[in-house]
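Chemist: Predicted model follows, preceded by the sequence.
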Amino acid sequence: MARYQIILAYDGSNLWGSQRQANRRTAQGELETALRQLGWQGRSVLMAGRTDTGVHATGQVAAFDLEWSHRPEELVKALNSHLPADLAVRGVKRTREDFHPRFDARSRRYRYRLYCQEVRDPLRERYAWRLWPPLHAEGLYAVAQLLHGTHDFAAFGTPPRPESSTIRTVMQAVWRQQDDEWTFEVEADAFLYRMVRRMVYLQVAVGQGKLAAQAIADVLASKPGIVLPAGLAPAHGLTLLEVTYPE
């Protein structure tokens, strides 16, 4: 018996998120179903984190214990032969027996994709949020810089447990533009529930002139009496790119 660490990619369009749920199709549920075809008898696969319904991943990390007498590369092929078309194992390796993909993680990195068009584009709409009117670059770049560092992000999401801290450290938050398309990449030591989608929604409000960047600065500085508009960016524009671990 050995513990294996895998990198899992999935199209979240037809999944109810990553975490197993009764009578609903999820990334964890599909992975566990495939593993059982290989003789896995565990109770639960360990996951690096939870993604919402409709959110995608190219770098979700999972771990499990398995009796496997072949090379790790053969395990990739075996799992992919049993997984449905919207999930794929991109890599696998043996790891230490106490490895935990969530608690051992150093950081997570997400990307949010959107585009500015008055008329919908069916070929992009599945994986990007369509916006109109257009965004002002200066506002986006300025507010993204405010997110860097260690702050109380209580206004941006909820912790995994009610008693948990809402303080997080953001190492990177950057917008990039190409033609009418924008991407937002953010890396942090950990994220609150729905934190990235909330970040994007509020930054878009600044970029469209509906919210002052100073309001976000005041919230991050824990100034009292600041109320930010409610809302989340749609899930389908978000992808979990990578989970990193100490060397």
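Modeler: Yep, that arrived.
Chemist: which residues in the protein form strands?
Modeler: Taking DSSP state E to define them, one finds strands in the chain at 2-10, 46-47, 56-66, 87-95, 107-116, 129-131, 149-152, 167-178, 181-188, 238-244.
Chemist: Residue 143: which of those is closest?
Modeler: Closest approach to residue 143 among those (CB to CB): strand 167-178, 8.9 Å. Backbone N, C-alpha and C define where each C-beta goes, glycine included.
Chemist: Outline the domain layout of this structure.
Modeler: 2-95, 107-244 (automatic domain parsing).
Chemist: okay, how far is it across the first one, tip to tip?
Modeler: What it means is domain 2-95. Domain 2-95 has its terminal residues 8 Å apart, counting by CA to CA, to the nearest Å.
Chemist: go on, stretch 64-71?
Modeler: 16 Å.
Chemist: do you know which of the strands of the chain lies nearest residue 217?
Modeler: Nearest of the strands of the chain to residue 217, taken as CB to CB: strand 149-152 at 10.3 Å.
Chemist: Direction-wise, compare the helix ranked longest in the chain with strand 238-244 and give the angle.
Modeler: Longest helix of the chain, by residue count under DSSP state H: helix 195-207. On the basis of axes from the mean of the first three to the mean of the last three CA atoms, to 10 degrees, helix 195-207 is oriented at 120 degrees to strand 238-244.
Chemist: Against which helices or strands is helix 195-207 packed?
Modeler: strand 107-116, helix 137-146, strand 167-178, strand 181-188, helix 213-220, strand 238-244 (3 or more CB pairs under 8 Å, 6 or more residues apart in numbering; DSSP states H and E).
Chemist: what's the closest of the ones you listed to residue 203?
Modeler: So among these, helix 137-146 is nearest, using CB to CB, at 5.1 Å.
Chemist: pretty sure residue 148 contacts residue 168?
Modeler: No. Under the criterion of CB atoms under 8 Å, residue 148 makes no contact with residue 168, lying 11.4 Å away.
Chemist: among the strands of the chain, which is nearest residue 19?
Modeler: Closest to residue 19 of the strands of the chain, according to CB to CB: strand 46-47, at 7.0 Å.
Chemist: Would you mind listing the residues touching both of residue 148 and residue 168?
Modeler: Counting by CB atoms under 8 Å, 6 or more residues apart in numbering, no residue touches both residue 148 and residue 168.
Chemist: More neighbours: which of these two?
Modeler: Each of residue 148 and residue 168 has its neighbours counted (other CB atoms under 10 Å); residue 168 has more, 21 against 16.
Chemist: dump the residue contacts of that one.
Modeler: Contacts for residue 168 (CB under 8 Å, 6+ apart) come out as 150-151, 153, 188-192, 195.
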